[in-house]
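A.B. asks: I'll drop the sequence and a predicted model, then ask my questions.
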Amino acid sequence: MKRNFQNFILLLASIVFSALLLEQGFRCWLFGWNAFDVKAMRNNVPVNNAGFMVQSPFDDIYWALKPNLDVSFKLARLTTNSHGLADKEYPLTKPADSYRIAVLGDSYSMSSGVDTDKSFHALLEQWMNEQGKRPYEIINFSVGGFGMERYNATLEHLVPAWQPDALLLGYCAFNDHQALPPKTGSVPLFNPRRIDGFWMSYVREYIRMRKSEVQAMQDTSNMVLGEKHMAFIDRELGIMRSLANQIKPDMPILLAYLDNREHSERDLQNIRAIAEKHSMQFVDTTRKFKGANIDDFSIHLLDSHPDKKTQEIFANTLFDAIQKNNIYGFTRTTTNE
């Protein structure tokens, strides 16, 4: 009896040890040496679960990033300025000679999983200032988990004080056609409860994801949006145009169609037509990923957010379009040979 009990304990210990070894080995495969960084792994969770959010004073914005962050988030460096924007510090009052562009978006534009200073709009600002004839400021108001309604609420309440000359809408082609869940009383369904990513099972998450989500994530090329989705996009872009015009008549707006996977041609053309209806310029970044495997352009296998090289592709695509079409009045200091 005693020997049987000892054998059971040894078997149980072997199973636990093997499970822990499998989990740590899988983490090393996914994250390399970061798998041993307890502090970094703790924040390898959605931004609303990482303890980086506060409730916005504006009821229809819901949540905002905490100011003055300099933290590891999704194994990258997330920094915010004194205004709680995922960007470097800017003066609230616009310099007299500066052309200021406000960025509206979600986690794609917040560059979740990529260092804040390596986001597509940070690169875009750098290149426009290096090669343009005037100084540009591209200020990022994006927050992970936001959608079209939150973009417009941000545009209404926060953006006007910054006196922008133009807007850049980081339209997330994967989900910005969907309305966000409504608030329930005073607590929105976008609930910033803390989750410790170190204690998550990434093996279990991988199995769950591969069973229920991976096909949908990789097969958006066959997804065609319906009339309900298009009506929602039309309504929200119409509101955005109206709010922008209140800040500055006929304010230039560029809709950057962002994703690291291919989308249907029908959706592209329909959303382009809606953007043009509301006097917005449209730039598609998804053609760069035609036939590509999304895993090759994601921050890791379990998180399809665009990685660093994808943020660079976004920036290059937008910069080419800005130069070619004289968007934002951009002209180069020198011409290409």
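C.D. replies: In hand now; what should we look at? Numbers count the residues shown, from 1 in each chain.

A.B. asks: Which strand or helix spans residue 101?
C.D. replies: strand 99-105 (DSSP states H and E).

A.B. asks: ok, that strand: who's next to it in the sheet?
C.D. replies: Using DSSP bridges, strand 99-105 pairs in its sheet with strand 136-140 (parallel), strand 166-172 (parallel).

A.B. asks: Mind listing residues that contact that strand?
C.D. replies: With contacts defined as C-beta atoms under 8 Å, 6 or more residues apart in numbering, strand 99-105 is touched by 94, 109, 121, 134-142, 146, 151, 154-155, 159, 162-172, 240, 258, 328-329. Every residue, glycine included, has its C-beta placed from N, CA and C.

A.B. asks: one step back: how about the strands paired with strand 99-105 in a markdown table, adding distance to residue 14?
C.D. replies: Below are the strands paired with strand 99-105 laid out as a markdown table (distance: least, C-beta to C-beta, whole Å):
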| stretch | distance to residue 14 |
| --- | --- |
| strand 136-140 | 50 |
| strand 166-172 | 46 |
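
A.B. asks: Which strands or helices does whatever helix or strand residue 153 lives in pack on?
C.D. replies: Residue 153 belongs to helix 148-157 when assigned by DSSP H and E. Using 3 or more C-beta pairs under 8 Å, 6 or more residues apart in numbering; DSSP states H and E, the elements in contact with helix 148-157 are strand 99-105, helix 227-247.

A.B. asks: Could you give me the buried positions within the shortest one?
C.D. replies: By 16 or more other C-beta atoms under 10 Å, the buried positions in strand 99-105 come out as 99-105.

A.B. asks: List the contacts of the very next helix or strand once past it.
C.D. replies: Next along the chain after strand 99-105, taking DSSP H and E as the criterion, comes helix 107-110. For helix 107-110, the surrounding residues in contact (C-beta under 8 Å, 6+ apart) are 47, 86, 103, 119-121, 140, 142-145, 170, 172, 258-259, 305-306.

A.B. asks: quick one: average confidence on helix 107-110?
C.D. replies: Mean pLDDT, helix 107-110: 96.

A.B. asks: after it comes which helix or strand?
C.D. replies: Following helix 107-110 in sequence, per DSSP H and E, is helix 120-131.

A.B. asks: what's the angle between that following helix and strand 136-140?
C.D. replies: Using axes from the mean of the first three to the mean of the last three C-alpha atoms, to 10 degrees, the direction of helix 120-131 lies 170 degrees away from that of strand 136-140.

A.B. asks: Now helix 120-131: buried residues?
C.D. replies: 120-125, 127-128.

A.B. asks: Please apply the same query to stretch 296-315.
C.D. replies: Here stretch 296-315 shows 297-308, 310-315 as buried, counting by 16+ other C-beta under 10 Å.

A.B. asks: One more: stretch 277-286?
C.D. replies: Those would be 278, 280-286, for stretch 277-286 by 16+ other C-beta under 10 Å.

A.B. asks: Let me see the domain layout of this structure.
C.D. replies: 1-36, 37-329 (automatic domain parsing).

A.B. asks: mind checking how far the shortest one is from the chain centre?
C.D. replies: This points to domain 1-36. 36 Å (C-alpha atoms, centre = their mean, to the nearest Å).

A.B. asks: hmm, back to that, so which of the strands paired with strand 99-105 is the most surrounded?
C.D. replies: strand 166-172 (a mean of 26; mean count of other C-beta atoms under 10 Å).

A.B. asks: what residues does that strand touch?
C.D. replies: In contact with strand 166-172 (C-beta under 8 Å, 6+ apart) are residues 99-109, 120-121, 138, 142, 151, 155, 159, 240, 244, 251-259, 271, 280, 328.

A.B. asks: ditto for stretch 122-129
C.D. replies: Contacts of stretch 122-129 (C-beta under 8 Å, 6+ apart): 87-88, 111, 116, 135-138, 140, 311-312, 315, 318-319, 322, 328, 330.

A.B. asks: how does it look with 10 Å?
C.D. replies: Stretch 122-129 is contacted from outside by 86-88, 98-99, 101, 103, 111, 114-117, 119, 134-140, 168, 256, 311-312, 314-316, 318-319, 322-323, 328, 330, 332, using C-beta atoms under 10 Å, 6 or more residues apart in numbering.
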